[in-house]
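**Student:** Build the 3D model from these lines:
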Amino acid sequence: MSLLSRSRLTSPLMALVGQRCLVSTAPDSLNSWHNPAAMLHGAGDLRFENLPTADVVAPNNVRVQMRAVGICGSDVHFLKNGRMGSFVITEPLVVGHESAGEVVQAGSAVTRLKEGDRVALEPGLPCWSHKMSREGRYNLDPNIKFFSLPPVHGALRKFVDHPADFCFKLPDCLTFEQGALVEPLSIAVHACRRAGVGPGKKVAILGAGPIGLMMLAAAKAFSASSVAITDIRPGNLPVAQTLGAKFALDQSKAVSTAENVEAIRAVFPEGPDIVIDCVGFSSTITTALQAVASGGTVVQVGLGEDTCCAPTMQTVFKEINFTGSWLYTNTFPLCISLLEEGKIQTEPLITHRLGFSEEEILKGFQIASTSATTGAIKVMFSW
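**Tutor:** Down below sits the predicted model:
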């Protein structure tokens with residue numbers, strides 16, 4: 001059965017192809033801000049509808065016409081389950097938060113951007129009144145408003161109004177697709193900062209999904225001396241080698257955590273200095289704590305399980321620095337520079353490209369939600 005077949009309004013996925021869109025197909029001239037959007041109504045219920053949009057942009061905002069939006073694992077999670085942790089879809093929500101586009105209108109108070117500028121959008125907006133925001137760690141602001149986390153609409157729509165301060169101009173040499181990938185790259189850059197990745201460091205990354213591969217690229221850009229990456233599904237490991245992994249470890253035949261640890265210790269006999277867990281299950285956290293070198297660092301990025309069981313006594317006996325990494329702060333300028341200088345390549349991660357229509361959006365989410373069979377790493381909508 002198609003993932004989207006459970007919806008009583010969407011019908012089976014392929015049955016939608018060729019049907020009339022739920023949005024009007026009238027020319028834009030009849031409504032200058034006609035704003036079609038990928039709207040999630042609940043588990044398995046993704047529709048293509050018009051999102052009402054104000055005629056005038058707020059003074060400190062810019063209106064951005066989207067040109068590229070990527071599908072994140074969280075988008076797929078919401079589509080499958082209608083929720084993620086404490087975030088629950090209770091009313092229609094536009095999905096997507098990896099985005100870039102072109103400014104088509106600037107608010108009256110905006111001086112830094114103008115019509116025609118190409119920008120990447122940072123999707124998290126803090127309240128600025130919370131202690132964590134005032135200290136510069138706005139990713140930890142409990143009142144942060146983040147694209148596609150209920151009830152905040154995401155970016156998979158024609159137009160997005162966004163504060164100019166959170167729109168970052170792209171150099172001419174970068175594509176809109178690269179601009180959209182600044183967001184997941186920011187996850188990796190923030191984690192590498194938290195981990196202390198740098199010259200001379202041996203790094204192991206658990207999980208070769210989109211974030212794990214971005215983590216690999218970021219670790220290399222941060223001058224890690226050698227990087228190993230592991231996965232139980234070997235399909236993405238050739239991409240990891242393309243991105244510079246010294247060791248790409250196929251763990252598909254490993255039947256125990258001990259075997260996973262042994263494989264990592266085989267390439268790093270004293271253990272890696274840093275292990276970054278991009279999966280977040282009990283088994284991967286256990287692997288990380290047992291494999292890392294004494295005095296080393298483990299960073300958990302993956303959100304696989306709400307509650308995990310792991311040998312935390314290892315953190316005492318080995319004096320492990322065990323920390324988490326959540327979203328990012330002040331990373332977009334650095335990520336754009338790394339891309340501009342060619343220190344990070346994102347092209348190998350984009351496995352599927354689609355346009356912006358009801359048919360293409362449904363097809364894209366079907367591909368992303370069945371990545372085990374489609375081989376999808378990053379599905380990108382470009383238009």
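**Student:** can we go C-alpha only for contacts and neighbour counts from here?
**Tutor:** Fine.
**Student:** Show which residues not belonging to stretch 102-111 make contact with it.
**Tutor:** With contact meaning Cα atoms under 8 Å, 6 or more residues apart in numbering, stretch 102-111 is reached by 57-67, 113-119, 164.
**Student:** quick one, phi psi at Ser371?
**Tutor:** In terms of degrees, to the nearest 10, the main-chain angles of Ser371 are phi -60, psi -30.
**Student:** got a list of what it touches?
**Tutor:** Neighbours of Ser371 in contact, by Cα under 8 Å, 6+ apart: Ile377.
**Student:** Please determine how far it is located from Phe365.
**Tutor:** 10 Å (Cα to Cα, to the nearest Å).
**Student:** follow-up on the earlier one: can you flag which of the contacts of stretch 102-111 belong to helices?
**Tutor:** Applying DSSP state H to the contacts of stretch 102-111, no entry is found in helices.
**Student:** List buried residues within those.
**Tutor:** 57-58, 60-67, 113-114, 117-119, 164 (16 or more other Cα atoms under 10 Å).
**Student:** what touches both of Ser371 and Phe365?
**Tutor:** By Cα under 8 Å, 6+ apart, no residue touches both Ser371 and Phe365.
**Student:** mind listing the strands in the stretch 251-383 of the chain by residue range?
**Tutor:** 274-277, 297-300, 321-324, 350-354, 378-382 (DSSP state E, counting those that start in this stretch).
**Student:** Looking at these, which one is packed in the most?
**Tutor:** Using mean count of other Cα atoms under 10 Å, the stretch among the strands of the stretch 251-383 of the chain with the greatest mean number of neighbours is strand 274-277 (a mean of 28).
**Student:** Residues contacting that strand, please?
**Tutor:** With Cα under 8 Å, 6+ apart, strand 274-277 has contacts from 191, 195, 197, 201-207, 284-285, 288, 292-293, 296-302.
**Student:** quick one on the thing from earlier: so for Gly42, which of the strands of the stretch 251-383 of the chain sits nearest?
**Tutor:** For these, the distance to Gly42 is smallest for strand 378-382, at 21.1 Å, taking Cα to Cα.
**Student:** now that closest one, how far from the centre of its chain.
**Tutor:** 12 Å (Cα atoms, centre = their mean, to the nearest Å).
**Student:** can you state the direction angle for it and strand 350-354?
**Tutor:** 30 degrees (axes from the mean of the first three to the mean of the last three Cα atoms, to 10 degrees).
**Student:** tell me what strand 378-382 is packed against?
**Tutor:** Judged by 3 or more Cα pairs under 8 Å, 6 or more residues apart in numbering; DSSP states H and E, the packing partners of strand 378-382 are strand 61-70, strand 350-354, helix 358-369.
**Student:** Can you list the low-confidence ranges for this protein?
**Tutor:** 1-31 (pLDDT under 70).
**Student:** 50 - rerun?
**Tutor:** 1-3, 5-30 (pLDDT under 50).
**Student:** about what we covered before: will you turn the strands of the stretch 251-383 of the chain into JSON lines that also has distance to Lys158?
**Tutor:** Formatted as JSON lines, these follow (distance: least, Cα to Cα, whole Å):
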{"stretch": "strand 274-277", "distance to Lys158": "35"}
{"stretch": "strand 297-300", "distance to Lys158": "35"}
{"stretch": "strand 321-324", "distance to Lys158": "35"}
{"stretch": "strand 350-354", "distance to Lys158": "15"}
{"stretch": "strand 378-382", "distance to Lys158": "11"}
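**Student:** His41 is nearest to which of those strands?
**Tutor:** strand 378-382 (20.3 Å).
**Student:** Tell me what angle the helix ranked longest in the chain forms with strand 61-70.
**Tutor:** If you go by DSSP H, the chain has its longest helix at helix 182-195. Here helix 182-195 points in a direction 90 degrees away from that of strand 61-70 (the same axes, to 10 degrees).
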